[in-house]
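> output the structure for:
(2 chains)
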Amino acid sequence: DAKTTQPNSMESNEEEPVHLPCNHSTISGTDYIHWYRQLPSQGPEYVIHGLTSNVNNRMASLAIAEDRKSSTLILHRATLRDAAVYYCILRGRGSRLTFGEGTQLTVNP
Amino acid sequence: EAGVTQFPSHSVIEKGQTVTLRCDPISGHDNLYWYRRVMGKEIKFLLHFVKESKQDESGMPNNRFLAERTGGTYSTLKVQPAELEDSGVYFCASSLRSTGGYEQYFGPGTRLTVT
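You can find the predicted model right below:
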C-alpha cells in the first residue's frame, strides 16, 4: 500500500474552517484517496473519498492536487464534535485499509 | 438503517482462556473486515471475508485466532488461548464492494483485556 504523510496534530477554533493536509507522492493511478476519522472511544468513521476530482459531501470537502500527490480535507466550520484523529488512506485494488498515525485535530471553543 | 454492530463491547478474560467476538455487518454488505488496535499501536488489518469466504487473512497474527462467517452474515473472531499481547480494541467493518471506490463502515469495537 502506498504511504501517506500527515502532520501529527493541528488546532482550530470552533466555527472556523480547517484544512487537513496529506501527502501521498507515491500514489498510483488506481488509488482512491480516503479519509476516515476516529472520535474518542469510537470506531473509525468514513468521511469522504475521491479519485481525481474534488469531492463534497455533508461532512466535508476533499481537494485533490492536479498531480494527485497531495490532498486536503476541508471541514468548513469546525465544531467541538469534530475533534478526532483524521486518517488519510490510499485504497487501491487491495481490500484492506492501512491506517497510519493520522492527525489529531483539537478544536478550541 | 442499522450500522455495524459488535458484541460484547468489553471483555476481560484471563490468560489462557477463550474469547469469541461477534460482528454483525450492515445488511447486504458482502464484504466484512476485522481490524485491531493494540496498545500504543496503529490500527491493523486482520482479515477480509467476501460472503462466507476468506479473501485475505494475511493480517492474522497467529493460529490462536480463528475467524468464521458461516452463511455470509455475521462473523465471529475467536481467540484461543488468549495471551496478554492480544489485549486491545477489535474493530469490524463492512462494505458493499471491496474495490477502492467504496467506503468501509466500522463498528464501535470490542475492547479486549487479557489479564
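> list the buried ones in stretch A:20-39?
Buried residues in stretch A:20-39, defined by neighbour count with 16 or more other C-beta atoms under 10 Å in any protein chain shown: A:20, A:22-24, A:27, A:31-38. (C-beta placed from N, C-alpha, C; glycine too.)
> my error: substitute stretch B:73-81 in the last question.
In stretch B:73-81, counting by 16+ other C-beta under 10 Å, buried: B:Tyr74, B:Ser75, B:Leu77, B:Val79.
> so which of the residues you listed sit within helices?
Of the positions in the buried residues of stretch B:73-81, not one sits in helices, assigned by DSSP state H.
> of those, closest to B:Gly59?
Relative to B:Gly59, the closest of the buried residues of stretch B:73-81 is B:Leu77; by C-beta to C-beta it sits at 11.8 Å.
> which ones are touching the nearest residue to B:Gly28 once chain neighbours are set aside?
When the adjacent residues along the chain are set aside, B:Gly28 lies closest to B:Leu96, with 7.1 Å between them (C-beta to C-beta, 6 or more residues apart in numbering or on different chains). With contacts defined as C-beta atoms under 8 Å, 6 or more residues apart in numbering or on different chains, B:Leu96 is in contact with B:Gly28, B:His29, B:Asp30, B:Asn31, B:Tyr102.
> same thing but 10 Å
B:Leu96 makes contact with B:Ile26, B:Gly28, B:His29, B:Asp30, B:Asn31, B:Tyr102, B:Glu103, B:Gln104, B:Tyr105, according to C-beta atoms under 10 Å, 6 or more residues apart in numbering or on different chains.
> thank you kindly, that will do.
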